[in-house]
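Asker: The following comprises the amino acid sequence and a computationally predicted model.
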Amino acid sequence: MGHREQLLAGAKRCLYERGYARTTARDIVAASGTNLASIGYHFGSKEALLNAAVMEAFEEWGEELERAMPGQGGSGESGEEQLVAMWTRVTKSFQLHRPLLVASIEAFAQAEHAPELRKQLADDYERARGAMAEFIAPGDAREDNRVARAVGSLHLAMLAGLSLQWLLDSERAPTGQDMVDALRAVSQGLGDFTPDVTGVTVAGDDDPGSGDPVVNEA
């Protein structure tokens, strides 16, 4: 293993053990068995090295989640049973790989200040939408690219929210069964859904506002 690979491995270890903000260049050197000059030579700065390590951690987390996706046919389980099993495996992966989950979440905060990292994460998210649609979208939905992408996006949004809930309070976070029960309840209620717009108006053409809803407080 060369110095570059050692630095990445050491930086990831520091991410898992100390977090992004608390990791110093000397921490990485100690964890990797290299030297400070190697950081500048291979990555230019500690921040660039940590961003590369964050990206690797995020990709590893994606691979872990892919293993939690439903199998392709032959399981004998209904679609609902496969979804319950999938979300249950996802929550178990949170327990087994908490440091990896935390590191992947830290990536989003850092992406706000690192355009290259932000683009990499955005591209990974786009690929994840397609991957989740492939595993989860019903057969007829997969034939419509827009709908399939929307299905993948919905489950990706639920995954992000579930991971945050689990990190904050794993005891009260939803279970796999809770997730599917909620999806079923929402789906059944869509036909009768009427948004409550009492006390809400939309800015008109004579209003200099952007057209966003305005709440009437009177």
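Answerer: Received the coordinates, thanks. Numbers count the residues shown, from 1 in each chain.
Asker: only C-alpha atoms for contact and neighbour calcs from this point on.
Answerer: Fine.
Asker: just checking, residue 17 touches residue 99?
Answerer: Yes: using C-alpha atoms under 8 Å, residue 17 makes contact with residue 99 at a distance of 7.3 Å.
Asker: neighbour-wise, which of the two wins?
Answerer: residue 99 (19 against 14; other C-alpha atoms under 10 Å).
Asker: Name the nearest residue to the more buried one, sequence neighbours excluded.
Answerer: residue 16 (4.8 Å; C-alpha to C-alpha, 6 or more residues apart in numbering).
Asker: separation between that neighbour and residue 162?
Answerer: Going from residue 16 to residue 162 by C-alpha to C-alpha, to the nearest Å gives 20 Å.
Asker: Quick check: buried residues in the helix or strand where residue 99 lies?
Answerer: Secondary structure assignment for residue 99, by DSSP states H and E: helix 98-111. For helix 98-111, the neighbour count (16 or more other C-alpha atoms under 10 Å) marks 98-108, 110-111 as buried.
Asker: same check, this time on stretch 180-194
Answerer: Counting neighbours by 16+ other C-alpha under 10 Å, stretch 180-194 gives residue 180 as buried.
Asker: This structure: strands as residue ranges?
Answerer: Secondary structure of the chain (DSSP state E): strands at 200-202, 213-215.
Asker: returning to that earlier point: distance-wise, check the residue nearest to residue 99 relative to residue 54.
Answerer: Taking C-alpha to C-alpha, one finds residue 16 at 10 Å from residue 54.
Asker: ok, now residue 187?
Answerer: In terms of C-alpha to C-alpha, residue 187 sits 36 Å off from residue 54.
Asker: And for residue 159?
Answerer: Distance from residue 159 to residue 54, by C-alpha to C-alpha: 19 Å.
Asker: Which one of those two is surrounded by more residues?
Answerer: residue 54 (28 against 16).
Asker: Could you tell me the per-residue confidence at the spatially closest residue to that one that is not a sequence neighbour?
Answerer: Excluding its sequence neighbours, the residue lying closest to residue 54 (C-alpha to C-alpha, 6+ apart) is residue 107, at 5.8 Å. Looking at residue 107, its pLDDT stands at 80.
Asker: Looks like residue 107 contacts residue 58 (just checking).
Answerer: Yes: the criterion here is C-alpha under 8 Å, and residue 107 meets it with residue 58 at 7.5 Å.
Asker: residues shared between the contacts of residue 16 and residue 54?
Answerer: Contact criterion C-alpha atoms under 8 Å, 6 or more residues apart in numbering; residues shared by residue 16 and residue 54: residue 103.
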